[in-house]
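Asker: Structure for this input, please:
(chains A and B)
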Number of protein chains: 2
Amino acid sequence: MVRIGIYGYGNLGRGVENAIKQNSDMQLVAVFSRRDPATVKINTAGVKVLKVDEAEKMVEEIDVMIICGGSATDLPEQTPALAKLFNVVDSFDTHARIPEHFDNVDKAAKLSGKVAMISVGWDPGMFSLNRLYGGAILPDGKDYTFWGKGVSQGHSDAIRRVEGVADGKQYTVPVQAALDAVRSGSNPELTTREKHTRECFVVAKDGADKAAIEAEIKSMPNYFADYDTTVNFISQEELNTNHAGIPHGGFVIRSGKTGASLENNHIIEYSLKLDSNPEFTASVIVCFARATARMSSEGMSGCKTVFDVPPAYLSAKSAEELRKELL
Amino acid sequence: MVRIGIYGYGNLGRGVENAIKQNSDMQLVAVFSRRDPATVKINTAGVKVLKVDEAEKMVEEIDVMIICGGSATDLPEQTPALAKLFNVVDSFDTHARIPEHFDNVDKAAKLSGKVAMISVGWDPGMFSLNRLYGGAILPDGKDYTFWGKGVSQGHSDAIRRVEGVADGKQYTVPVQAALDAVRSGSNPELTTREKHTRECFVVAKDGADKAAIEAEIKSMPNYFADYDTTVNFISQEELNTNHAGIPHGGFVIRSGKTGASLENNHIIEYSLKLDSNPEFTASVIVCFARATARMSSEGMSGCKTVFDVPPAYLSAKSAEELRKELL
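Answerer: Numbering: from 1, shown residues only, chains lettered A, B, ... in the order given. Okay, the predicted model is just below:
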């Protein structure tokens, strides 16, 4: 049994809780929250909810702490701090800051002798693995990553900050023509605008200037200005009914060449179509938590990523079963 | 530099030779053949061709021997024998006999202290890895593997053994409706016939009974009887012009559910579209040869599979570069 703690109980924490129930060798021991534990209702009978500052009392009870905080401000603090006490897994997803996060976490985990697995999920995570495998197999080639169709939390938040907007949701949509061009093996150079469009569903406040809202969204730097963006005004009821989910997905494609004169083309494509982004991320995290426990029990320590994990360690099956059933 | 020997110089061996040229940290040292070396012309200047029985003289010159024999009779003998002398990689692909092959190779490699990586390629190989990752992430789900569209060597050989057949080629073709049903998340139960069709291009000998050839192919047990098979008679010229390549590919799809009441569906799809089956297999083998050398230099020994390899070991990039560029 791998005994798990969940640190932070939002969408991701709830997803981890559900995923643990799907794995008979994993057991949830405690949920840690910044909120008053009396106000936090969890879905697993008999499991305690504790304040985050009670974590250090639980070092003997927990094999792996899964940290479900946000990448902007939570994880840069929480992961190094908790790696001093526990084996940990996080889903740190600010790609540009991964090297810095790795160094901070590595220092802490080497001191404590724990294994700290960072940036687990699907991107970073499974998409990263597929970029690595694809590039190692086909060194003469090119990587393409497309996201969507799916809800971008950051872009939805940006819409909701626009004056006159009551609520809103943004979908990132890969452009079919770009996908087709990549799959053809032509190795196209694609601009930001050519790869994705952005589709917004916006609830305007009563009396708000819709034209002004649309113009402000479409011209927003970093978020929308570099994309073909469509803005659809809908009612709050329609938003609640038709856009309540958190679907996502995407594609990692490696297009590469082999042969004496590089005359043969090969396309490797990995794609995800996810009804629930946080639940899928949680499912990835939970199997990497299993690997984290195994790597720790073998005496490893320090910061690790998905690139360091022998795939067999992710599965509850034995090496013999894996070879017999899946190889 | 990883110094490579190629043992067996057919389509796969030639593919390995080409792939080594695409990897600047790999170097071809020698090609071993059962043929008279004077008759074997290779594509790499300055590399010697030796008789297979000269391999043991080369133990100091070679870091990894890549064994390019066939699975039916060559590899069960060659891999254990060579693992007594070298780190080795093979592409043993008789799925049902992998456990037995593993045991034989493991014994030899443990005695010699070498690393012997078996069953490397795309199926077994990359498809196996994707079955493992998919099942570990989504334990409540179902695996589907489809092959094609591509040339099956075994089925093409079977056609050519039919009386009255001068030449022939067989394509395995996945059924689009079956793929669509799997992608919908409905987790269908699919029969052999529902998943693939078999398309044959046959050159009949002069005066041969085409109706008899067609009937014999379509009713051939194991190979064709369980499939919807089409037989097209064409000329030798047409076969040579339009069916000279060895393309292949396929799909591994994991369809699984998450959530408190398993209400959310997820589709993970990995697909390959390959102009040259042997060259792609060779490209996979070469990056696993790099990993084999690294694992050996770290003191590991025994039989290993793709499931045992930390993905970072496959790449020529450093761990820092991988985290910065691909994570």
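Asker: Contacts only, for the residue nearest the centre of chain A.
Answerer: By CA atoms, centre = their mean, chain A has its centre lying nearest to residue A:121, at 3.8 Å. Contact partners of residue A:121, counting by CB atoms under 8 Å, 6 or more residues apart in numbering or on different chains, are A:91, A:93, A:281, A:284, A:285. (Glycine included, C-beta is placed from N, CA and C.)
Asker: Tell me which other helices or strands the helix or strand hosting residue A:142 touches.
Answerer: Element membership for residue A:142 (DSSP states H and E) is strand A:141-147. On a contact count with 3 or more CB pairs under 8 Å, 6 or more residues apart in numbering or on different chains; DSSP states H and E, strand A:141-147 meets helix A:126-137, strand A:165-174, helix A:176-183, strand A:248-258.
Asker: What remains of the contacts of residue A:121 if I keep only buried residues?
Answerer: Buried subset of those (neighbour count, 16 or more other CB atoms under 10 Å in any protein chain shown): A:91, A:93, A:281, A:284, A:285.
Asker: Now flag whichever of the residues you listed is closest to residue A:117.
Answerer: Comparing those against residue A:117 with CB to CB places residue A:285 closest, at 8.7 Å.
Asker: Tell me the secondary structure at that closest one.
Answerer: Assigned with DSSP: H, G, I helix; E, B strand; the rest coil, residue A:285 falls in the helix class.
Asker: Contacts only, for it.
Answerer: Residue A:285 makes contact with A:12, A:16, A:19, A:66, A:89, A:91, A:120, A:121, according to CB under 8 Å, 6+ apart.
Asker: so what's the nearest residue to it once chain neighbours are set aside up against?
Answerer: Computed as CB to CB, 6 or more residues apart in numbering or on different chains, the closest residue to residue A:285 that is not its neighbour in sequence is residue A:120, at 5.1 Å. When contacts are counted by CB under 8 Å, 6+ apart, residue A:120 touches A:89, A:90, A:91, A:284, A:285, A:288, A:305, A:306.
Asker: if you look at the residues you listed, which of them are in strands?
Answerer: Under the assignment DSSP state E, those contribute residue A:89 to strands.
Asker: Could you save the contacts of residue A:120 as CSV and add columns showing pLDDT?
Answerer: Converted to CSV, the contacts of residue A:120 look like this (pLDDT from 0 to 100):
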residue, pLDDT
A:89, 98
A:90, 98
A:91, 97
A:284, 98
A:285, 98
A:288, 98
A:305, 98
A:306, 98
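Asker: so which of the contacts of residue A:120 comes closest to residue A:5?
Answerer: residue A:89 (10.6 Å).
Asker: Could you list the contact residues of the stretch 51-200 of chain A toward chain B?
Answerer: A:95, A:98-99, A:102, A:119, A:124, A:126, A:128-133, A:135-140, A:183 (CB under 8 Å from any CB of the partner chain).
Asker: hmm, 7 Å instead?
Answerer: Contact residues (CB under 7 Å from any CB of the partner chain) of the stretch 51-200 of chain A with chain B: A:98-99, A:102, A:119, A:124, A:128-129, A:131-133, A:135-140.
Asker: Which parts of chain A are strands?
Answerer: Under the criterion DSSP E, chain A contains strands at A:2-7, A:26-33, A:48-51, A:64-67, A:87-89, A:115-117, A:141-147, A:150-151, A:165-174, A:196-204, A:228-233, A:248-258, A:264-274, A:302-304.
Asker: can you redo those strands as a markdown table with distance to residue A:315?
Answerer: A markdown table is the format used below for these (distance: least, CB to CB, whole Å):
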| stretch | distance to residue A:315 |
| --- | --- |
| strand A:2-7 | 13 |
| strand A:26-33 | 12 |
| strand A:48-51 | 29 |
| strand A:64-67 | 16 |
| strand A:87-89 | 16 |
| strand A:115-117 | 16 |
| strand A:141-147 | 26 |
| strand A:150-151 | 27 |
| strand A:165-174 | 31 |
| strand A:196-204 | 34 |
| strand A:228-233 | 42 |
| strand A:248-258 | 22 |
| strand A:264-274 | 19 |
| strand A:302-304 | 17 |
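Asker: Tabulate those strands in CSV, adding columns for mean neighbour count and distance to residue B:156.
Answerer: Shown next, in CSV, are these (neighbours: other CB atoms under 10 Å in any protein chain shown; distance: least, CB to CB, whole Å):
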stretch, mean neighbour count, distance to residue B:156
strand A:2-7, 24, 48
strand A:26-33, 21, 47
strand A:48-51, 16, 63
strand A:64-67, 29, 50
strand A:87-89, 30, 48
strand A:115-117, 29, 46
strand A:141-147, 20, 29
strand A:150-151, 20, 43
strand A:165-174, 21, 38
strand A:196-204, 21, 43
strand A:228-233, 16, 48
strand A:248-258, 23, 22
strand A:264-274, 23, 19
strand A:302-304, 25, 45
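Asker: Out of these, which gets nearest to residue B:84?
Answerer: Residue B:84 lies closest to strand A:248-258 among the strands of chain A, at 31.5 Å (CB to CB).
Asker: elements contacting the one helix or strand in chain A whose mean pLDDT sits lowest?
Answerer: Across the helices and strands of chain A, mean pLDDT, DSSP states H and E gives its lowest value to helix A:153-160, namely a mean of 94. Packing partners of helix A:153-160 (3 or more CB pairs under 7 Å, 6 or more residues apart in numbering or on different chains; DSSP states H and E): strand A:165-174, strand A:196-204.
Asker: Mind doing that once more with 6 Å?
Answerer: Applying 3 or more CB pairs under 6 Å, 6 or more residues apart in numbering or on different chains; DSSP states H and E, we find helix A:153-160 packed against strand A:165-174.
Asker: Run through who's touching stretch A:206-221.
Answerer: A:162, A:164, A:204, A:224, A:225, A:229, A:231, A:233 (CB atoms under 6 Å, 6 or more residues apart in numbering or on different chains).
Asker: ok, back up a step: could the helices and strands packed on strand A:141-147 go into TSV alongside mean pLDDT?
Answerer: Below are these laid out as TSV (pLDDT from 0 to 100):
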stretch	mean pLDDT
helix A:126-137	98
strand A:165-174	97
helix A:176-183	97
strand A:248-258	98
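Asker: okay, the ones you listed in JSON lines with distance to residue A:295 next?
Answerer: Shown next, in JSON lines, are the helices and strands packed on strand A:141-147 (distance: least, CB to CB, whole Å):
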{"stretch": "helix A:126-137", "distance to residue A:295": "16"}
{"stretch": "strand A:165-174", "distance to residue A:295": "34"}
{"stretch": "helix A:176-183", "distance to residue A:295": "35"}
{"stretch": "strand A:248-258", "distance to residue A:295": "25"}
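Asker: you'd agree residue A:144 is up against residue A:253?
Answerer: Yes - Residue A:144 is within contact range of residue A:253, at 4.5 Å (criterion: CB atoms under 6 Å).
Asker: Can you pull the residues that touch both of the two?
Answerer: Each of residue A:182 lies in contact with both residue A:144 and residue A:253 under the rule CB under 6 Å, 6+ apart.
Asker: phi, psi of residue A:243?
Answerer: Dihedral pair for residue A:243: phi -130, psi 30, per degrees, to the nearest 10.
Asker: what about the residue in the stretch 101-250 of chain A positioned nearest to chain B, neighbour count?
Answerer: Nearest residue of the stretch 101-250 of chain A to chain B, counting by CB to the nearest CB: residue A:136, 4.0 Å away. Using other CB atoms under 10 Å in any protein chain shown, residue A:136 has 25 other residues around it.
Asker: show me the contacts for it.
Answerer: B:287, B:314, B:315.
Asker: separation between the second one and chain A?
Answerer: If I follow you right, that is residue B:314. Using CB to the nearest CB, to the nearest Å, residue B:314 is found at 4 Å from chain A.
Asker: Surely that residue touches residue B:284?
Answerer: No - using CB under 6 Å, residue B:314 is not in contact with residue B:284, being 9.2 Å away.
Asker: contacting residues around the closest residue in space to residue A:52 that isn't next to it in sequence?
Answerer: With CB to CB, 6+ apart as the measure, residue A:32 is the residue that lies nearest to residue A:52, at 4.8 Å, once sequence neighbours are left out. Counting by CB under 6 Å, 6+ apart, residue A:32 makes contact with A:7, A:50, A:52, A:55.
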